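A.B. asks: I would like the atomic coordinates for the input below:
(one chain, ligands or ions: 3)
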Amino acid sequence: MQTVSTVLDSISDVGRDASRGGYSRGVFTSAELSLRDWFVAEATARGLAVETDRNGIVWAWWDATDSRDGALVTGSHLDSVPGGGAFDGPLGVASALAAVDLLRERGVQPNRSLAVTVFPEEEGSRFGVSCLGSRLLTGSLDPDHVRSLTDTDGTTFADAARSAGIDVAHLGRDEEAARRIGDFVELHVEQGRGLIDLDSAVAIGSTMLGHGRWRLSVTGQGNHAGTTLMADRADPMVAAAQVVLAVRRIAAEQDGARATVGRLQPVPGGTNVIASRVDLWLDVRHEEDAVTAQLIERIHGQAQKICAFEGCRATLTEESRSSTVHFDGALQRTLHNALGRSFPGAPTLPTGAGHDAGILGSIAPTAMLFVRNPTGISHSPEEFVERDDADAGATALADVLEDLL
Ligand code: GLV
Ligand code: MN
Ligand code: MN
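C.D. replies: Residues are numbered from 1 along each chain as shown. Ligands and ions are numbered 1, 2, ... in the order given. Okay, here's the model as predicted:
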């Protein structure tokens, strides 16, 4: 049997980003596609039956009965943020494979089928919408809208998915896949300091913070950096810089709010060119949707004021939104009981990050297990998991799956 770290070691060279550091494994890029191939090979080597569904989700089946309906499903994603860590996503996939090994070693005879899954575009790093695969499956996204989403090179989701072998005519709500998910359990690296502070290798997820993404386009007058007097400018970069500061101030004034501008794109983007437009992307999170809406309204209002003063214009577009998710109470109790053997008193932990388990909660009971990250840093090359903790996570996942099978 391979340890989780050994499984992860075999993909440690895939998608390394020499300029950003860490990994850039955008969905349907050669890096992510080679990780999908790796997953298919690992699953096939374990005798699991692999198929890719109409939304590009990969399923590896341990068929225990004639039916796949109501199966126990586990898994995560293999795509990353730009310059991300090695564990966000792959830890859940590798732990699921290791858990299958453990269950077999223990001689477990499942009473229902088990599937290990890989979800595409969980990060939304390439096409802007996070948890794209699970949102398509549950029918919360319009497939026409998804087909037309573009990456920064102008490639549409339709073209990228087609080149990955997906028939994009059939994207969208998948009744068959939805029927098959009896329960979903996702193991994930913890992305903050939660488990360091709790001094525990694993925790059970309680809630997933509501979050959304918006694009703010600031338009001004593109012009020459040398010939345009300072007084004659309508520079959207100057307006955008003030918007970034306003975002921080507005979020800091609201209890429990998090707001980030992590991406900003000047057009045309030349050193000696005053930009004609700057697009900036806002990630805003709060437990209550109404508060998120107020925060966005305040940010938009402030952006309009700033832009009017700078001779620019601001246009705000919502790109995605998810409400706070409370993971299924009964399933959480099952996890607590299952962990009672190896991890008595395993703590419960909320997450500020988004996950497919949150989206799938609209169609089935879902739960999460978190594994300690000793740096407390994520979405960065510094994200880390100790080998022993990774193995503890796989054991915890196997315990949970065993009880649920
Ligand atoms: C994904 O990790 C997110 O929280 O955006
Ligand atoms: Mn993730
Ligand atoms: Mn992530």
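A.B. asks: could you export stretch 234-246 as CSV, CA atoms only?
C.D. replies: Written as CSV, here are the backbone C-alpha positions of stretch 234-246 (Å, rounded to 0.1, in the frame of the first residue of the first chain):
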residue,chain,number,x,y,z
ALA,A,234,-8.5,60.2,-16.8
ASP,A,235,-6.3,57.3,-15.5
PRO,A,236,-8.3,54.2,-14.5
MET,A,237,-5.2,52.7,-12.8
VAL,A,238,-5.2,55.7,-10.3
ALA,A,239,-8.9,55.1,-9.7
ALA,A,240,-8.5,51.3,-9.4
ALA,A,241,-5.7,51.8,-6.8
GLN,A,242,-8.1,53.9,-4.6
VAL,A,243,-10.8,51.3,-5.0
VAL,A,244,-8.4,48.6,-3.7
LEU,A,245,-7.8,50.7,-0.6
ALA,A,246,-11.6,51.4,-0.2
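A.B. asks: mind saving the C-alpha coords of stretch 69-89 as PDB?
C.D. replies: What follows is stretch 69-89 as a C-alpha-only set of coordinates in PDB (Å, rounded to 0.1, in the frame of the first residue of the first chain):
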ATOM      1  CA  ASP A  69     -27.400   5.000  -7.200                       C
ATOM      2  CA  GLY A  70     -27.000   6.300  -3.700                       C
ATOM      3  CA  ALA A  71     -23.300   5.600  -3.700                       C
ATOM      4  CA  LEU A  72     -20.800   6.900  -1.200                       C
ATOM      5  CA  VAL A  73     -18.700   9.500  -3.000                       C
ATOM      6  CA  THR A  74     -15.400  11.000  -2.000                       C
ATOM      7  CA  GLY A  75     -12.700  13.100  -3.800                       C
ATOM      8  CA  SER A  76     -11.700  16.600  -4.600                       C
ATOM      9  CA  HIS A  77     -10.000  18.500  -7.400                       C
ATOM     10  CA  LEU A  78      -6.600  18.600  -9.300                       C
ATOM     11  CA  ASP A  79      -6.700  22.200 -10.700                       C
ATOM     12  CA  SER A  80      -4.900  24.900  -8.800                       C
ATOM     13  CA  VAL A  81      -4.800  28.600  -8.400                       C
ATOM     14  CA  PRO A  82      -1.900  30.300 -10.200                       C
ATOM     15  CA  GLY A  83       1.300  29.600  -8.200                       C
ATOM     16  CA  GLY A  84      -0.600  27.500  -5.700                       C
ATOM     17  CA  GLY A  85       0.500  24.800  -3.300                       C
ATOM     18  CA  ALA A  86       0.800  21.100  -3.800                       C
ATOM     19  CA  PHE A  87      -2.000  20.000  -1.500                       C
ATOM     20  CA  ASP A  88      -5.100  22.100  -2.200                       C
ATOM     21  CA  GLY A  89      -7.200  19.500  -4.100                       C
END
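A.B. asks: look up how far residue 251 lies from the closest residue in space to residue 192 that isn't next to it in sequence.
C.D. replies: In space, not counting the residues next to it along the chain, residue 192 is nearest to residue 376; the distance is 5.9 Å by Cβ to Cβ, 6 or more residues apart in numbering. No exception for glycine: its C-beta is placed from N, CA and C like everyone else's. With distances taken as Cβ to Cβ, to the nearest Å, residue 376 is found 20 Å from residue 251.
A.B. asks: between the two, which is the more surrounded one?
C.D. replies: Neighbour comparison, residue 376 and residue 251: the larger count goes to residue 251, with 20 against 17 (by other Cβ atoms under 10 Å).
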